[in-house]
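Undergrad: Sharing a sequence plus its predicted fold:
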Amino acid sequence: MTDMTESTPPVLDIRRVCVTFAKPSGEPFPVLTDIDVSVQEGEILGLLGRSGSGKSTLLRVAAGLIRPRSGIVSYRGAPLTGPTEGIAVVFQTFALYPWLTVLENVELGLDALDLPESQVRQRANSAIDVIGLDGFQSAYPRELSGGMRQRVGFARALVSNPILLLMDEPFSALDVLTAETLRTDFLDVWTSHRLPTKAVLTVTHNIEEAVLMCDRILVLAPNPGHIAAEIKVPLAQPRNRLDAAFRAIVDEIYSILTSRMAETVGPQGGMRRGLVPQLPEVSADRLGGFAEALAAPPFDGQAELPRIARPLALEVNQLFPIAAALHMLEFAELHDSTIKLTSAGRVFADSGADDRKRLFREHLLRFVPLAAHIRQILDEREDHRAPRARFEFELEDHLPEREADATLRTAIGWGRYAELYGYDDTTQMFTLDHMAA
Amino acid sequence: MEHHAEVLRGVVWQPRPPGWRDPVAILLVLGVVMLIGIGIREMTAPFALEHQPEIALSPAALPYYTLRTIMRMLAAMVASLIFTFAYATPAGKSRRAEMILIPILDVLQSVPILGYLSFTVVFFVSLFPGSVLGPELAAIFAIFTSQAWNMAFSFYQSLRTVPIDLDEASRSFRESGWQRFWRLEVPFAMPGLVWNMMMSMSGGWFFVVASEAIAVGDLHLALPGVGSYVALAIEKRDLGAVGWAILAMTIAILLYDQLLFRPMVAWADKFRSEQTAAQVVSRSWILDLFRQSNLHKMIGAPIGAALKRASRARMSLSARSSVPHWSPPQMVLDVLWIGLIAGALVYIGGAIARFAGSALSWTDVSLVARNGALTLLRVALLVAIASVVWVPIGVAIGLRPKFTARVQPVTQFLAAFPANLLFPIAVFLITRFHLAPEIWLCPLMILGTQWYILFNVIAGASNFPSDLREAAASFRVRRWRWWRDVMIPGIFPYFVTGAITASGGAWNASIVSETVSWGSTKLTAGGLGAYIAQMTDAGDYPHIALGVAMMSVLVIAANRLLWRPLYAYAERRTRLD
C-alpha cells in the first residue's frame, strides 16, 4: 500500500488474498494463494490460465460474490464486503432470466438503485442502444441467438454505469465468428470512451483473445492458484493478429503456460509419497488422434503448441489437457511451448489399434500411479472387486470433490481403454471381469 | 383539440369498436366474482349442530351444491399456495430449518388424509362454535392436506436448484431478498408448481366429496355440497340422484380445467427455461380471449404493472448483502439446535406413550398389524394388476401422437374424477348379484388412481426418442426383446412416478372403500381402512390414531424400501451423460 507509484489510486486492489473451498471432509482446500492484483484506471486487465487455475474464482472475489479466507480487497480505497454499486459482471453463460424480456432483463441491472420508473426505462433503452440491441426490447432470451443474448448480458451490466466491469469468459460460449464480432464491437465502444466505465477485468482461457483485448495480462497457474507471470501488451488498438509483435507475445504466453505445465504434471513418485496428481480430462481416443497429427507432416513429431492448435481447431482449454496427458504418459515431452513425441510416442502414433492399446497399458501402469494403484488393489483382492468410493476417499484427501470425481472418471476411461481394469456403473465397482489376467 | 379534429376526420385516432371478445370476457369475470361472493356469504353463515340445513335430493338443488364444493376447492388451493410459500421458503434457505421441516413434510405426505379427518373436524368445530365456518374449515383443511405437501416439496426442490449463474447474477446486481423471491425464485419454480397444483387438484376432488358429510361418534355433519348430496342419495338408495351428482361433478371438473388450469398452464409456459422447452405448446382459449380483449388492456395491464412494481420494490431497510464464504462448522450452534430437537422429540414421544399406554393394549396393536398386512397385500396386488393392464395400453396410445393428443385429456379427467361418487353403483351391483365383498370391494380402492399409471405411461411412451425407436425397428428387435430392451427401460421412470401416485391414492381410498353402505346394507371387506372407518364411526380416538399411525408406517416403509430405490435406479439407468 505504501509504494503507490501511480498518481491515481487503483480502481480495485487485491492484496495477499487467499481463497479456500471446503473438501468433502470439511478440511479447507486452497484455491488461490497470496494473490496481489491491482486494476488501474483506464486499463483492460486480463486473467489467463488453464481450467482449475482459479481465474474465475478470482473474478468472483473481485465481484464480492466470494469472500476470501484472508487478505484485503478494496474498491476505490474502501474495503469490499460484498457486491457493490459500481461493479458489474458479465457472465460466461449470460445468466439471463428466461421469463423476462430483453428490456426487463436490462432493467434488472438497476433493481438495486431504486430509481423512478421513467428513469429506469430511459437508461435501459440507452444501454440497449449503445450495445446494438435496438428493436429487440420485447423479445425473450430464448428467441435470441447466442451473440444477441450476450449483448443483453453486456447491456444489463453497463446500464448501471459501472466504474469497474468484470467479464467471466464472456465470449467462450459463442462460436468463433460471433465472438469476434462481439469482441470488436465491445472494443470499439471501449476505445471511443463512450462508457463511464473506468476499468475492465476479464477472464479468458483464449490466449489470442487476451492479447487482442488487454493492456496487461496476468497468467495464473494452478495447484493452488497463483500468479505466474505478468505481461504488458504495449500495442495500439485495433490490433492485428498477424503482426510480428502480436505473435511474439502470444508465443511468450504459450511458453510460460507450457513450462508451468511440464513442472506440475511431470511423472512423480505418486502414491508412495501420498501425492495424487490430478489427471487431465481427456479421452484415450483423443490422445491417439493428436499423436497421429503430431507424427505426420508438417510437424514430423515436433510442433510449437500455437502452430498445431490452429489446424486442429483446438482451444487452449482443449489443447493443454492433451499435451499434459501425453507428457504425463511419456509419449511426448513439453519444453517451453514445444511438444515433441518421444520414441515410445512415435510407436504409439504409428501402430494399429491392438498394439497401441498394449503400449498405452504399459505406460499407464508405469507412469500413472493412480491406475497402477487401482490395478494392484484389484489383484490383491480375492474377488477382484473394489468399490469406487474407496478410491474417491483417497483422492478427496488431496483434491476437492469435483476434481477428485473428474480424475477418477479419467482413470476409469483410460483403464477401460487399456483393458487394465473394468468398471460397473450400476454397482459403482471396479472389477477385473473380462480382463486379461 | 387536435384529437377531436382527427376523430372527425376518422383517420388516425379511433375508439376501437368493442369486439365480441369483450362482452364474453366481461361476463365471465362478473359471473365468477358474483359466484365467489355468494359462496363466501354462505360459508360464514350462522349454524347450529342441532339444526343443520336440510340437504335436498332434487336435481335443482345440485348447481348450488356444486358451487359450494367448488368454493371449498378454491379456498383450499389458496391456502395451499400460502402454505407453500411460508413453509418451503425457510426450508429452502436455512439449513437448520431444513433439518426439521423437510422430514416433517415427508411424514405428513404419507399420513392418510381421511384417517385424521375425525380429529380435524372436532378441532375446527370447537374453534368456531355456532358458525358454519368450523365444519367448512374442516372440509377445506382435508382438501388442503391433499394438496399442500407436494406443492411445498416442489417449491422447495426449485429453491434448491436455482441455476448457479442466475443466483450469481441476482447477487451481483444486489437484489434484495424480496426482489430475489419474486423475480428469480418464484418464476423459476412456477412451471413445477403449476403442474403440482394441477395434480393436487385432481386428487382434491376425492377428498372434498369424502369430507363434506362426516360422522364422528355422535357428531353428524353434512355441509351443502356434492359429497353430502351423494351421502344422502346412498342413505335413501336413490340411484338416479347419484347419476345427477356424477353429471354435476363432471361439469364442475371440466369448468375448473378450462377456466383455471388451462390458462394457468399456458401462462406458466413463459417461465420455462430453454433447456426444458415444452414439446407441446400449451394453449388456452380463455387466456387468448383475455389477452386479445380490450378488457386486458384496461384492467389487466394496470394490475400487471402494479404487480411488477411491487416485485421490484426493495422492501429491505438496509442494503444488506449476504456473502457465503468458508467458515468452520458452527458446531456449538448445531449441537444446541440438534439437542433442542431431540429434547422435543423425547417429550412428544413420552406424551404419546402415556396416552397410548392408558387406552391401547398389545392385542390392539397385533389386530391393527394384521389388518395392515391385509390392506398392504390388496394395494400391492391392485397396483400389479393395474400395471399389467395399463402399461401395454398406455404404450400403444403413447406411440401414436395424434391419438395421444385426444386421449391424454380424457385420462387427466378420469384421474381427477372422484371415484367415491361411483362407489354406490358398485355397491348396488355387489348386493344385487350377491358377490363376495372381500374381493369385489377391492377394485374400488384403485378405481380412481389407476389412471395415474395410464397417464404417466402415455407421457413416457410419447417422449420416447424416435431415433431409438427407429434403431430398434431397423435391427428388427421384436416382441419380448422389444419390451425388455427398448420400451420398458424407456418408460420406466414415468411408470414408477405413476405407480407411486396410484399406490398412495389406494391407501387413502381404502378408508372409504373397504367399508361401504347402500341404505341400511353395510358391506365390509376387512383391512386397515375398514378398521379406521369403524373406529371413526364409533368416535374411538385412540384406536383411530393407532390405525392411522400403522398406515403411515406402512406407506413410509413402502416408499423407502421399494419406490425410492426403484426411482433412483430408473433415473440412473436411463440417463445418457
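TA: Done, it's in. Residues are numbered from 1 along each chain as shown, chains lettered A, B, ... in the order given.
Undergrad: per-residue confidence for the one residue in the stretch 251-400 of chain A that gets nearest to chain B?
TA: Going by CB to the nearest CB, chain B is nearest to A:P400 of the stretch 251-400 of chain A, at 11.4 Å. The C-beta positions use only the backbone N, C-alpha and C, and glycine is treated the same way. With respect to pLDDT, A:P400 has a value of 77.
Undergrad: Tell me where the stretch 101-250 of chain B has helices.
TA: Per DSSP state H, counting those that start in this stretch, the stretch 101-250 of chain B carries helices over the ranges B:117-127, B:133-160, B:164-172, B:177-180, B:186-212, B:226-235, B:239-256.
Undergrad: which sections of the stretch 451-577 of chain B are below the confidence cut-off?
TA: Across the stretch 451-577 of chain B, the ranges flagged by pLDDT under 70 are B:574-577.
Undergrad: Residues of it that sit close to chain A?
TA: Within the stretch 451-577 of chain B, the positions adjacent to chain A are B:R572, B:R573 by CB under 8 Å from any CB of the partner chain.
Undergrad: and A:P28, what does it touch?
TA: Listed by CB atoms under 8 Å, 6 or more residues apart in numbering or on different chains, the contact set of A:P28 reads A:T20, A:F21, A:A22, A:R69, B:W326.
Undergrad: quick one on the thing from earlier: which one of the helices of the stretch 101-250 of chain B lies nearest to B:L57?
TA: Among the helices of the stretch 101-250 of chain B, helix B:239-256 comes nearest to B:L57, with 5.1 Å by CB to CB.
Undergrad: Against which helices or strands is the closest one packed?
TA: On a contact count with 3 or more CB pairs under 8 Å, 6 or more residues apart in numbering or on different chains; DSSP states H and E, helix B:239-256 meets helix B:62-93, helix B:186-212, helix B:226-235, helix B:401-416, helix B:423-432.
Undergrad: Would you format the ones you listed as CSV with distance to chain A included?
TA: CSV is the format used below for the helices and strands packed on helix B:239-256 (distance: least, CB to the nearest CB, whole Å):
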stretch, distance to chain A
helix B:62-93, 17
helix B:186-212, 4
helix B:226-235, 38
helix B:401-416, 24
helix B:423-432, 44
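Undergrad: Please produce JSON lines containing these, extended by distance to B:A461, mean neighbour count and mean pLDDT.
TA: Formatted as JSON lines, these follow (distance: least, CB to CB, whole Å; neighbours: other CB atoms under 10 Å in any protein chain shown; pLDDT from 0 to 100):
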{"stretch": "helix B:62-93", "distance to B:A461": "31", "mean neighbour count": "20", "mean pLDDT": "89"}
{"stretch": "helix B:186-212", "distance to B:A461": "19", "mean neighbour count": "23", "mean pLDDT": "84"}
{"stretch": "helix B:226-235", "distance to B:A461": "34", "mean neighbour count": "24", "mean pLDDT": "87"}
{"stretch": "helix B:401-416", "distance to B:A461": "8", "mean neighbour count": "16", "mean pLDDT": "83"}
{"stretch": "helix B:423-432", "distance to B:A461": "30", "mean neighbour count": "18", "mean pLDDT": "84"}
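Undergrad: returning to that earlier point: does the residue of the stretch 251-400 of chain A closest to chain B really touch A:G26, like I thought?
TA: No. Taking contacts as CB atoms under 8 Å, A:P400 lies outside contact range of A:G26: 11.6 Å.
Undergrad: Much appreciated, bye for now.
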